[in-house]
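In: structure, please.
(chains A, B, C and D)
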Number of protein chains: 2
Amino acid sequence: MGRRGAGRPRAGEEPLTRERILGAALRLVDAEGMGALSMRGLGAELGVDPMSIYHHLPGKEAVVSGLVRMVYGEVRVSSAGGEGWRERVRGFARAHRDLARAHPNLVLQLVSSAPSGAATEAMLAASEPLFEALESAGLSAREVLGVVDLVADYVHGFVLAEVAVHSEPSDHRASLRELLEERPAGEFPAMRRVFGSISRKELRYDFDSGFESGLDVIVAGVEHLARGR
Amino acid sequence: MGRRGAGRPRAGEEPLTRERILGAALRLVDAEGMGALSMRGLGAELGVDPMSIYHHLPGKEAVVSGLVRMVYGEVRVSSAGGEGWRERVRGFARAHRDLARAHPNLVLQLVSSAPSGAATEAMLAASEPLFEALESAGLSAREVLGVVDLVADYVHGFVLAEVAVHSEPSDHRASLRELLEERPAGEFPAMRRVFGSISRKELRYDFDSGFESGLDVIVAGVEHLARGR
DNA sequence: ACCTGAACACCGTTCAAGT
DNA sequence: ACCTGAACACCGTTCAAGT
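Out: Just a heads-up that it's a prediction; the model follows:
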């Protein structure tokens, strides 16, 4: 089915490699989503019989995990040395949000393979600035490890919500408010008060400032930890 | 292919309903994972032709989102009234972690549909105690909405990591340390210091206390916000 | 009204065969 | 050594037909 005949690649045609396969897979996923990533479709994208891929990667699972590793390898944390630890913690979080936003169709795979081993090696270098920042904030080793996880978990949850909501037309806060208004008046008084005392403009969710104010709370919590010593 | 012949159900056999279908689907997913959930397999589990399901639910997507709604409907936040706001915030977070741990094979779907509309209605009642707690902590309406998202994002990221790591044999922190030791000595000094000054026992990750210490930091951050008024 | 089963257009992967 | 294509055992879903 491929464009070429069987056998070795002809002179002048670039041979199939792991890199070329993963590159094509990433283009496919970025452009058309995870659902478009099939071994057959990938073969077509490469102008090659689908089965040729199996000579470079053991199966579809390996294609996906290779994709995840490849994307995590792209992460660059801007560690402007002169900044305080607060700004360096934020820089780490922002770099990971940016990574996820660069490949929204891969976010589910990114966040669910980050904790397991798949991506650890690729994230090693990116994690150093975060460890360094938390250490210089005055945390104990135990506390550093805890906060590293907290920051990672928050970013993962946030980007998951961000891409899920972006792929929908309606504002999720506005629809929550509507849901609330359809209910009997006595129900959910606290939520009613919160949504009632906020303007429509304030209700419109801004992901950038939402992300930052989540970080505000975390940084304030870390400060509390550091003072406790 | 079904055990029954075509036509209406015979007297004495319970008819196929949305509830029976979703119940069977949840059993299937809990027992054998998301990969085992196929329309054909679900039909077999119900002793029915796979196509019969389409008379009660429009397709597989509807089965999955029905599952998510069903499970979110199970959440019960223990709101012991006498507790302070700190303990009520923690109670909300714990209830959601417990929900995810009760259905680990569904976690990916749970966390990725929570932010979009799918589960909002089912979570309305469960969210009231969190709003109430944050309000009574002294936060503004704007701040309450921000912290609600922070808590939800943290829990989502945490449970994702928890189930991903649990389905693996090795401890992820231990393997990070090993990775570090294989590197040239000058590399990643901060991570080396952190991992070096912690005992093997401390390194063994405990999800329960990890979850709680993440909440510690968040609660401390909320306290900072509340004092700022 | 509800259920069935053949058919269609897909999957991932194995394996023997080609050059 | 590398690539191919037929074949196998699956998918979700449409649609005409059964009772």
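
In: what sits closest to the residue positioned nearest the centre of chain A if chain neighbours are left out?
Out: Closest to where the C-alpha atoms of chain A average out (Cα atoms, centre = their mean) is A:A100, at 3.2 Å. On the basis of Cβ to Cβ, 6 or more residues apart in numbering or on different chains, the spatially nearest residue to A:A100 that is not a chain neighbour turns out to be A:V159, at 3.8 Å. Any C-beta I mention is one placed from the backbone N, CA and C, and that applies to glycine too.

In: contact partners for that neighbour?
Out: Taking Cβ atoms under 8 Å, 6 or more residues apart in numbering or on different chains as the criterion, A:V159 is in contact with A:96-97, A:100-101, A:107, A:110-111.

In: how about those, which pair is most distant?
Out: A:R101 and A:V111 (12.5 Å; Cβ to Cβ).

In: mind pulling up the pLDDT for A:P169?
Out: A:P169 carries a pLDDT score of 70 in this model.

In: revised request: answer the last question for A:R3.
Out: Predicted confidence (pLDDT) at A:R3: the value is 40.

In: C-terminal to the helix or strand where the residue nearest to the centre of chain A lies, what's the next element?
Out: Taking DSSP states H and E as the definition, A:A100 sits inside helix A:85-102. Stepping forward along the backbone from helix A:85-102, the first helix or strand reached (DSSP H and E) is helix A:107-113.

In: mind listing residues that contact that next one?
Out: Helix A:107-113 is contacted from outside by A:34, A:64-65, A:67-68, A:71-72, A:99-100, A:103, A:119, A:156, A:159-160, A:163, B:108, B:112, B:157, B:160, B:164, using Cβ under 8 Å, 6+ apart.

In: how far away from the center of its chain is that helix?
Out: When C-alpha coordinates are averaged (Cα atoms, centre = their mean, to the nearest Å), helix A:107-113 and its chain have centres 7 Å apart.

In: the longest helix in chain A is where?
Out: Scanning chain A for the helix with the most residues, using DSSP state H, yields helix A:141-166.

In: what angle sits between that helix and helix B:141-166?
Out: 110 degrees (axes from the mean of the first three to the mean of the last three Cα atoms, to 10 degrees).

In: circling back: per-residue pLDDT of the residue nearest to A:A100, please?
Out: For A:V159, the pLDDT comes out at 97.

In: which residue ranges of chain A form helices?
Out: Ranges of helices within chain A are A:18-32, A:39-46, A:60-73, A:85-102, A:107-113, A:120-136, A:141-166, A:172-181, A:189-196, A:200-203, A:207-227, based on DSSP H.

In: give the other helices and strands that the second one contacts.
Out: Contact partners of helix A:39-46 among helices and strands, from 3 or more Cβ pairs under 8 Å, 6 or more residues apart in numbering or on different chains; DSSP states H and E: helix A:18-32, helix A:60-73.

In: which one, of those, ends up nearest to DNA strand C?
Out: helix A:60-73 (3.6 Å; Cβ to the nearest atom of the strand).

In: tell me if the closest one is near DNA strand C.
Out: Yes. Using Cβ under 7 Å from any atom of the strand as the criterion, contacts between helix A:60-73 and DNA strand C involve A:60-61.

In: name the residues of that helix that are buried.
Out: Buried residues in helix A:60-73, defined by neighbour count with 16 or more other Cβ atoms under 10 Å in any protein chain shown: A:62-72.

In: could you do stretch A:179-194 as well?
Out: Along stretch A:179-194, these residues count as buried under the neighbour rule (16+ other Cβ under 10 Å): A:180, A:188, A:190-192, A:194.

In: tell me which two of those sit farthest apart.
Out: Looking at the buried residues of stretch A:179-194 by Cβ to Cβ, the two members farthest from one another are A:L180 and A:A190, with 10.8 Å of separation.

In: surely the residue nearest to the centre of chain A meets A:V163?
Out: Yes. Look at A:A100 against A:V163 with Cβ atoms under 8 Å: they come within range, at 7.1 Å.

In: which ones are touching A:K201?
Out: Shown here is A:K201, which makes no contacts under the criterion Cβ under 8 Å, 6+ apart.

In: give me the pLDDT for it.
Out: Here the pLDDT value assigned to A:K201 is 84.

In: swap in the one 5 residues further on?
Out: According to the model's per-residue confidence, A:D206 sits at a pLDDT of 92.

In: next, count neighbours for it.
Out: 10 (other Cβ atoms under 10 Å in any protein chain shown).

In: for A:A126, see how far away it is.
Out: Summarising the geometry, the distance separating A:D206 from A:A126, computed by Cβ to Cβ, to the nearest Å, is 26 Å.

In: what's the answer for A:A226, then?
Out: With distances defined as Cβ to Cβ, the gap from A:A226 to A:A126 amounts to 23 Å.

In: which of those two has more neighbours?
Out: A:A126 (20 against 16).

In: surely that one meets A:S78?
Out: No. Under the criterion of Cβ under 8 Å, A:A126 is not in contact with A:S78, lying 10.9 Å apart.

In: what is in contact with these two at once?
Out: Contact criterion Cβ under 8 Å, 6+ apart; residues bridging A:A126 and A:S78 by contacting each: A:A95.

In: what is the neighbour count of the nearest residue to A:I198 once chain neighbours are set aside?
Out: If the residues on either side of it in the chain are set aside, A:I198 comes closest to B:A141, at 4.7 Å by Cβ to Cβ, 6+ apart. Neighbour count for B:A141, taken as other Cβ under 10 Å: 19.
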